[in-house]
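K.L.:
Attaching a predicted model along with its sequence, questions to come.
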Amino acid sequence: MGIQEVVTAAKSPWQNPFAERLIGSIRRECLNHVIVLGEQHLRWTLKRYFQYYLDSRTHLSLDKDAPNPRTIQSPERRNIVQIPEVGGLHHRYERRAA
């Protein structure tokens with residue numbers, strides 16, 4: 001399969017590009033736009049962001065699909081509905097029947 005192990009130093013997350021990319025995405029797409037009001041609010045926000053990240057957000061490495069694959073919607077359904085995600089910070093769009 002061509003998979004090779006990449007060894008990083010202990011307690012050095014900056015040497016792990018996958019962790020760095022995820023942390024950067026969390027900061028840029030979520031935390032830079034929210035004023036966190038406490039630990040409980042932070043947990044709520046991150047929980048909603050992770051749900052959005054796995055179910056709705058497109059990823060170039062997955063050919064613009066989400067990690068949890070989405071169903072292809074029929075173009076016969078003409079109405080496109082906006083669904084707020086992460087408390088309205090992001091949106092998901094679905095086709096709905098008229």
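P.N.:
Cool, got the structure.
K.L.:
hmm, which helix or strand of this protein has the shakiest average pLDDT?
P.N.:
Every helix and strand in the chain was compared by mean pLDDT, DSSP states H and E; the lowest is strand 90-96, with a mean of 83.
K.L.:
center of the chain - which residue?
P.N.:
residue 53 (1.6 Å; Cα atoms, centre = their mean).
K.L.:
now the strand or helix carrying that residue, how far from the chain's geometric center?
P.N.:
Per DSSP states H and E, residue 53 falls inside helix 39-55. Computed by Cα atoms, centre = their mean, to the nearest Å, the chain-centroid distance of helix 39-55 equals 9 Å.
K.L.:
Show me the contact partners of the next helix or strand after it.
P.N.:
Going down the chain from helix 39-55, the next helix or strand is strand 79-85, by DSSP H and E. Residues outside strand 79-85 that contact it (Cβ atoms under 8 Å, 6 or more residues apart in numbering) are 48, 51-52, 56, 90-98. Every residue, glycine included, has its C-beta placed from N, CA and C.
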